[in-house]
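# mind looking at a prediction? Sequence and model below.
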Amino acid sequence: MEVESSSTVQALASSLGVKLDAIPSEFVRSEDERPGTTTFRGPVPEIPVVDLAGRDRDRIAKAVSEAAEGWGIFQIVNHGVPAEAIAALQRVGRGFFEMPREEKEKYAVEPGSGSVEGYGSRLQKEPEGKRAWVDYLFHNVWPESRIDYKFWPESPPDYRKVNQEYARYLVSVMDEMLSSLSLGLGLEGHVIKEALGGEGVELLLKINYYPPCPRPDLALGVVAHTDMSAVTLLVPNEVPGLQVFKDGHWIDAKYIPNAIIVHIGDQIEILSNGKYKSVLHRTTVNKEKVRMSWPVFCSPPDDRAVGPLPQLVSEASPAKFKTKSYKDYKYCKLNKLPQ
């Protein structure tokens, strides 16, 4: 059955009503992408979990480094972000997406601006006009000089306060992760953060909203990709959906309440000269429940040049990546140009 699509996925999901066996063809993934047939069903190892309790620097750096090298993704617990702050972040995010569509449209992405900030649905053009089953809201949360509050919802009324508080906590988590990754390379703890721009490192929040989908076996919330960022710090709601490509299989990530999921992004893989792996991941959707996630992309400023750290390059270990500005890197990746 063919169904006509709407401009946002949330509106489409509402309009489908009892058409429980149909989604528009533009959401139906190719055979080799469909989660119904490509999700691994056998026993698989679980994504590593790193406990930050006690702040044992050597232990944490070793665990983070091993997870970044072997998996490119891990979950952290006892990270110092209060459960109340995470719950508040999720509450105000849900509140935004529960508003009438015309209210959300006030924060729409500005066409032709070159910025992703704002509310939208079609993030980038896919081959054959395909679409992902997700709506989103993007806005910068750190540093203050990069924030444009016109993209921050005015409702719920405490949206700004909650996000400002969460960002302050998350900067400390980011610093600890970057320091651990640096120590894991045999370098001083400050090296990676300085290479990314020091206090100029930017944090961009994205709220992903995945409405119930009549055919979750055919659709994807977000297609397979690696993050362009240095690291991504993500909290999901309780509905599973994150999948990681490991040892030739798509495997489900276990949900751990109040854990933060850490993705190694492209910039860390480049800086480490390939030792740390930028994780290939995707998201699935649910037939009955709304799935949401709150990734924060920690990235260098656009004009920052990023390449393999000189300390890691030698005749025996030549540079595996070119040095280029983050802006140029993003342009090449988004337009599928040679890196």
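Received it, and whenever you're ready, just let me know what you need. What you are looking at is a predicted structure, and each value in this text was computed from that prediction instead of being measured.

# find the nearest non-adjacent residue to residue 105, please.
Nearest non-adjacent residue to residue 105, counting by CB to CB, 6 or more residues apart in numbering: residue 119, 7.0 Å away. Bear in mind the C-beta positions are built from the backbone N, C-alpha and C, glycine included.

# so which residue is smack in the middle of this protein?
residue 295 (4.3 Å; CA atoms, centre = their mean).

# hmm, that one is touching residue 222, no?
No - in this structure, residue 295 is not within contact of residue 222 by CB atoms under 8 Å, at 9.7 Å.

# need the residues touching each of the two.
By CB atoms under 8 Å, 6 or more residues apart in numbering, residue 295 and residue 222 have these common neighbours: residue 208.

# neighbours of the closest residue to residue 201 other than its chain neighbours, just the number please.
In this structure, residue 201 finds its nearest non-sequential neighbour in residue 298, 5.9 Å apart by CB to CB, 6+ apart. Neighbourhood size, residue 298 [other CB atoms under 10 Å]: 29.

# so is residue 298 in a helix, a strand, or just coil?
At residue 298, secondary structure determined by DSSP: H, G, I helix; E, B strand; the rest coil is strand.

# the residue nearest to the centre of the chain should be in a helix, yeah?
No - with three-state DSSP as the criterion, residue 295 is strand rather than part of a helix.

# can you tell me which residues contact it?
Neighbouring residues of residue 295 by CB under 8 Å, 6+ apart: 205, 206, 208, 227, 232, 233, 234, 263.

# who touches stretch 178-187?
In contact with stretch 178-187 (CB under 8 Å, 6+ apart) are residues 57, 60-62, 64-66, 68-69, 188-193, 196, 230-231, 268, 272, 275-276, 298, 309, 311-312.

# in that stretch, what counts as buried?
178, 179, 180, 181, 182, 183, 184, 185, 187 (16 or more other CB atoms under 10 Å).

# one more: stretch 226-245?
For stretch 226-245, the neighbour count (16+ other CB under 10 Å) marks 226-237, 239-245 as buried.

# which of these fall within strands?
231, 232, 233, 234, 235, 236, 242, 243, 244, 245 (DSSP state E).

# closest to residue 167 among the residues you listed?
residue 233 (10.6 Å; CB to CB).

# what bridges to the closest one?
residue 262, residue 296 (DSSP bridges).

# circling back to that earlier point, in strands, which of the contacts of stretch 178-187 appear?
Those of these mapping onto strands are 231, 298, per DSSP E.

# nice, that's everything, thank you.
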